[in-house]
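> Quick one, structure for this:
(one chain, ligands or ions: 2)
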Amino acid sequence: MLRINTSDPSPVSGLSRREFLGYCGTLAAMLGLGQAGIPTIAEAIEQAVKAPLLVWSDFQECLGCTVALLQSTAPTPAQLILQQVSLAYNEAAMAAAGKQANENFEGAMTAGAFWVIEGSVPDKMPEAFAVNGQSAQDILKANFARAKGVIAIGSCASFGNVQAHNPNPTGAMGVRAWLRGPGGIPDAAVINLPRCPGNGEDLVATLVYILVNGKLPELDSQGRPLFLYGKLIHDQCERRAHFEANEFVEEFGDEGSLQRWCLFKVGCKGPVTYAPCPTNKWNGRVSWCVNAGPCTGCSEDNFWNTLTPFGQPVPNVPVPGLAGMSAQTIGLGLAGVTAVGLGAHLVGQVATGRLGKGAPQEHEAVTRKAAGLDADKPAEKKGGDV
Ligand code: SF4
Ligand code: F3S
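Numbers count the residues shown, from 1 in each chain. Ligands and ions are numbered 1, 2, ... in the order given. Below you'll find the predicted structure:
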């Protein structure tokens, strides 16, 4: 029976029992369990350290997600995953090579490991990526059914990311989209944890969710866990009061920049982007994008095409200080007023909380539609046992 006793040994080397329980408290908050969830989470982690849990494959990407994981600071997801939760195979970080590395991969898959994939699948040009002479497609086909669960970390594995930008020469696709399309598995269950780079805390929180609940988390229409990606960045942002007060950065380096006013007019995509960036951040929760500049919307599928140019405001987001008109409409004159009126009504509902908590899927559809994005795909609910 697990006790909340700070004198017990810590299951994570390099962390005191107090630090370990503090980290469990952080995870409990992310999972919405509150302080009462700490013993459950601590127990789940203590159980997890007893068995190989993760295999990590790199497909077509820049290794940024691995670097982000390795450079997180204590108490860290990296400490948990690398030292304790048995990362059996990772092409960038493992000491093993050649035959030994292959045996580690095989052994962990046979034992029932979760499979974390970083990087996109080059569908049109399979030779663009290969390990041991096997393309990403070969590796997916051979191992998808063997994994206990598949988690796509980062925006490349989730959606293809910038290498999928038009004209997308390699035919880069996210893992889930490839499996469900060219891979021929229409109901392939893949958890997407997009952001660029992917975030180790998202990964650990998702694993702990599965261990605690014995099932996969509920996902939105883009395959993202709702418990992590259920809120707009705009609704969690430290600069939001300036948006409401009509205080905007007009160009980089101006007085508004120095005052840390809202970045909407210089292209911030926070009003249409769902991710936990403002809360769990990076580098030991020290900083995140909007601390320095606009959010580019990198947790959204196809952001590289639909949310560009990055320096332009998102269309059809009503700005309070402009009597509900969007920055775009001010530029276009009155032609867009009808459409913006619709957007103002819908986004206004979100702003007043009527479509906020408890209705994340509707919330997503409404705000995406207001911004002129594809909004009508129904959210999926994947909560199957593992
Ligand atoms: Fe924050 Fe961007 Fe929203 Fe402004 S537009 S409040 S900077 S998320
Ligand atoms: Fe992406 Fe979050 Fe930054 S969605 S652009 S990592 S604020």
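> Residue 302: how many residues sit nearby?
Using other Cβ atoms under 10 Å, residue 302 has 17 other residues around it. Yep, even glycine has a C-beta here, placed from its N, CA and C like the rest.
> Can you verify my assumption that it contacts residue 159?
Yes: under the criterion of Cβ atoms under 8 Å, residue 302 makes contact with residue 159 at 6.7 Å.
> What ranges in the chain fall below the confidence cut-off?
Within the chain, the ranges that satisfy pLDDT under 70 run 1-15, 47-52, 72-86, 321-386.
> Show the subsequent helix or strand relative to the helix or strand containing residue 290.
Applying DSSP states H and E as the criterion places residue 290 in helix 289-292. Later in the chain than helix 289-292, the nearest helix or strand by DSSP H and E is helix 303-306.
> any idea how far the nearest residue to residue 141 once chain neighbours are set aside lies from residue 174?
Excluding the flanking residues, the one nearest residue 141 by Cβ to Cβ, 6 or more residues apart in numbering is residue 183, at 6.8 Å. Applying Cβ to Cβ, to the nearest Å, the value for residue 183 to residue 174 is 11 Å.
> Just want to know which of the two has more residues nearby.
Neighbour count, other Cβ under 10 Å: between residue 183 and residue 174, residue 174 has more, with 28 against 19.
> Would you mind measuring from the nearest residue to the more buried one once chain neighbours are set aside to ligand 2?
Closest residue to residue 174 apart from its sequence neighbours, by Cβ to Cβ, 6+ apart: residue 159 at 4.3 Å. Distance from residue 159 to ligand 2, counting by Cβ to the nearest ligand atom, to the nearest Å: 12 Å.
> What of residue 22?
25 Å.
> and the helix or strand harbouring that residue, what does it pack onto?
According to DSSP H and E, residue 22 maps onto helix 17-30. Judged by 3 or more Cβ pairs under 8 Å, 6 or more residues apart in numbering; DSSP states H and E, the packing partners of helix 17-30 are helix 38-48, helix 200-213.
> Check which helices and strands the last one sits against.
Judged by 3+ Cβ pairs under 8 Å, 6+ apart, helix 200-213 is in contact with helix 17-30, helix 38-48, helix 64-70, helix 77-78, strand 114-118, strand 149-153, strand 191-193, helix 226-229.
> Ok, the first one next?
Using 3+ Cβ pairs under 8 Å, 6+ apart as the contact criterion, the elements in contact with helix 38-48 are helix 17-30, helix 200-213.
> quick one on the thing from earlier: am I right that the residue nearest to residue 141 is in contact with residue 140?
Yes: under the criterion of Cβ under 8 Å, residue 183 makes contact with residue 140 at 6.3 Å.
> overlap in contacts of those two?
Counting by Cβ atoms under 8 Å, 6 or more residues apart in numbering, residue 183 and residue 140 have no common neighbour.
> Can you pull the residues of the stretch 101-250 of the chain lying near ligand 2?
195-196, 233 (Cβ under 6 Å from any ligand atom).
> Return the member of those residues nearest to ligand 1.
Using Cβ to the nearest ligand atom, residue 233 comes nearest to ligand 1 of those, at 4.9 Å.
> quick one, what contacts that closest one?
269-271, 273-275, 277-278, 290, 295.
> Spatially nearest residue to residue 293, not counting backbone neighbours?
Leaving aside its sequence neighbours, residue 293 sits nearest to residue 263 (Cβ to Cβ, 6+ apart; 6.7 Å).
> In contact with the one you found, which residues?
By Cβ under 8 Å, 6+ apart, the residues touching residue 263 are 239, 248-249, 270, 290, 293-295.
> Which one (most neighbours) among these?
residue 270 (29 neighbours).
> Distance of that residue relative to residue 102?
Distance, residue 270 to residue 102, by Cβ to Cβ: 43 Å.
> With residue 142 instead?
Applying Cβ to Cβ, the value for residue 142 to residue 102 is 12 Å.
> got it, and residue 247?
Residue 247 is 57 Å from residue 102, by Cβ to Cβ.
> How about residue 280?
Using Cβ to Cβ, one obtains 34 Å as the distance from residue 280 to residue 102.
> Also residue 89?
9 Å.
> more crowded one of those two?
Applying other Cβ under 10 Å to residue 89 and residue 102 shows that residue 89 carries more neighbours, namely 24 against 14.
> Run through who's touching the helix or strand containing that one.
Following DSSP H and E, one finds residue 89 within strand 87-90. Contacts of strand 87-90 with the rest of the structure, by Cβ under 8 Å, 6+ apart, involve 52-58, 66, 81, 93-94, 96, 101, 104-105, 107-108, 113.
> Next up, the contacts around the residue of the chain found nearest ligand 1.
Using Cβ to the nearest ligand atom, residue 270 is the residue of the chain that sits closest to ligand 1, at 2.3 Å. Contacts for residue 270 (Cβ under 8 Å, 6+ apart) come out as 232-234, 237, 263-264, 290, 294-295, 297.
> Let me know the closest of those to ligand 2.
Nearest to ligand 2 among the contacts of residue 270, with distances taken as Cβ to the nearest ligand atom, is residue 295, at 3.8 Å.
> OK, contacts around the closest one?
Taking Cβ under 8 Å, 6+ apart, we find residue 295 in contact with 233, 263, 268-270, 273, 277, 289.
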